[in-house]
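J.: Structure here, sequence nowhere to be found:
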């Protein structure tokens, strides 16, 4: 069963694929969505730049520094953060090419630790996972996923687990990954467990 | 006069310089401070990676991608953000080598716009400015500074303005830029204007 943000539950058969969607990766789609949220004054959420260690910089022309040697660094935090409804928002987003499960090695232990830390300080934190084979994008509450991992001996999370515990993120042309619609439902609905916990 | 976080007001004569401080730049000092805050479970605040556009990547050895061509990008946001006391925190930090004024060209218009946006959504937002010549590090509320710039025709802000409107950030060995001590005073003290505004 699928938990849609409007409370509707249904079995996934086929998710409509917008014409503009094919070939666009998750990161680009989230950036497009964030740009739209910003333009509508709804939220201020950005992807952080890719962390690199810069070793050498040349100055071939005035005012135009050229980095000629740099290396990718392991990120110490998640990729996305910002503010929504006065709350600190933090999440990681991953694509998954398997039909059966999401490999845990896709998420660095640093990032799990970071999600725990921000939740402890009152953040709204989650993970967005796109199952490419199904063209489905799921939002999973960070602590729900972390608790599951803690109690599990597997090196991956089955797809069926996401169907049970995740929330399907709707797609629209201007908001290809309209995750705030799900965030409203999961974290800001009155009398949810999250709010009654005093956050 | 200087507004110290403990409410004490005094004239600046000489600020004690810790032995470990000389030669350490502002960014490193803030990172050290943030690491300490994190280790003490006080806040989760990070510097964002420097934004670069990656043009070419070589793979000289397995698992070791080498970026051979990249360029610095103009940042669209500020350098630092995170969560403290359940609030979204956002700030920019700059060093200033002039004795008389802080040149406004040091801060990109994008960054000013970003600070306005996050304040509008309920953030605690500020700017940290180090006057190297005085070895003083000041915290200035983002909107106080933005309002000043809006009403000013100058291309810089006089040092004296910071002494009047800024808050001197104390230095300690483990927290070389202990800005949360000032944040507590400015944004979290009971009955401050900021809190009574409902944020």
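T.: The structure has been received and is ready for your questions. Computed from a predicted model, the values in this text were never measured in an experiment. Residues are numbered from 1 along each chain as shown, chains lettered A, B, ... in the order given.
J.: going forward, measure contacts between C-alpha atoms and count neighbours the same way
T.: OK.
J.: Show the contacting residues for residue A:91.
T.: A:78-81, A:115, A:125-128 (C-alpha atoms under 8 Å, 6 or more residues apart in numbering or on different chains).
J.: again, but for residue A:57
T.: Taking C-alpha under 8 Å, 6+ apart, we find residue A:57 in contact with A:65-69.
J.: count of neighbours near the closest residue to it other than its chain neighbours?
T.: Closest residue to residue A:57 apart from its sequence neighbours, by C-alpha to C-alpha, 6 or more residues apart in numbering or on different chains: residue A:67 at 4.3 Å. Counted with other C-alpha atoms under 10 Å in any protein chain shown, residues neighbouring residue A:67 total 22.
J.: in what helix or strand does residue A:67 lie?
T.: Per DSSP states H and E, residue A:67 falls inside strand A:64-72.
J.: quick check: angle from the helix or strand that that strand is followed by to strand B:80-84?
T.: Sequence-wise, the next helix or strand downstream of strand A:64-72 (DSSP H and E) is strand A:80-84. Taking axes from the mean of the first three to the mean of the last three C-alpha atoms, to 10 degrees, one finds strand A:80-84 and strand B:80-84 inclined to each other by 60 degrees.
J.: where along chain A do the helices fall?
T.: A:26-39, A:109-120, A:142-150, A:159-165, A:179-187, A:193-196 (DSSP state H).
J.: got the ones you listed as TSV, with mean pLDDT and mean neighbour count columns?
T.: Putting the helices of chain A into TSV (pLDDT from 0 to 100; neighbours: other C-alpha atoms under 10 Å in any protein chain shown) gives the following:
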stretch	mean pLDDT	mean neighbour count
helix A:26-39	97	18
helix A:109-120	96	18
helix A:142-150	96	15
helix A:159-165	97	15
helix A:179-187	97	19
helix A:193-196	48	12
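J.: Figure out which of those is closest to chain B.
T.: For those, the distance to chain B is smallest for helix A:109-120, at 6.4 Å, taking C-alpha to the nearest C-alpha.
J.: Can that closest one be said to contact chain B?
T.: Yes - judged by C-alpha under 8 Å from any C-alpha of the partner chain, helix A:109-120 and chain B are in contact via A:117-118.
J.: which outside residues touch that helix?
T.: Residues outside helix A:109-120 that contact it (C-alpha under 8 Å, 6+ apart): A:75-78, A:90-91, A:125-126, A:142-143, A:146, B:44, B:83.
J.: Distance to residue B:104 for those - can I get that in JSON lines?
T.: Formatted as JSON lines, the contacts of helix A:109-120 follow (distance: C-alpha to C-alpha, whole Å):
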{"residue": "A:75", "distance to residue B:104": "32"}
{"residue": "A:76", "distance to residue B:104": "32"}
{"residue": "A:77", "distance to residue B:104": "31"}
{"residue": "A:78", "distance to residue B:104": "32"}
{"residue": "A:90", "distance to residue B:104": "31"}
{"residue": "A:91", "distance to residue B:104": "33"}
{"residue": "A:125", "distance to residue B:104": "35"}
{"residue": "A:126", "distance to residue B:104": "38"}
{"residue": "A:142", "distance to residue B:104": "40"}
{"residue": "A:143", "distance to residue B:104": "43"}
{"residue": "A:146", "distance to residue B:104": "44"}
{"residue": "B:44", "distance to residue B:104": "29"}
{"residue": "B:83", "distance to residue B:104": "27"}
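J.: What are the contacting residues of stretch A:124-133?
T.: The contact list for stretch A:124-133 (C-alpha under 8 Å, 6+ apart) reads A:26, A:87-99, A:115, A:118-119, A:136-143, A:187.
J.: picking that back up, beta partners for the residue nearest to residue A:57?
T.: Counting by DSSP bridges, residue A:67 is bridged to residue A:57, residue B:70.
J.: Run a quick check on it versus residue B:56, I expect a contact.
T.: No - the pair residue A:67 / residue B:56 is not scored as a contact, 10.3 Å apart, by C-alpha atoms under 8 Å.
J.: Can you read off the pLDDT for residue A:198?
T.: Reported pLDDT at residue A:198 in the predicted model: 42.
J.: near chain B, which residues of chain A?
T.: Chain A comes close to chain B at residues A:43-44, A:48-52, A:64-72, A:82-88, A:117-118, A:121-123, A:199, as judged by C-alpha under 8 Å from any C-alpha.
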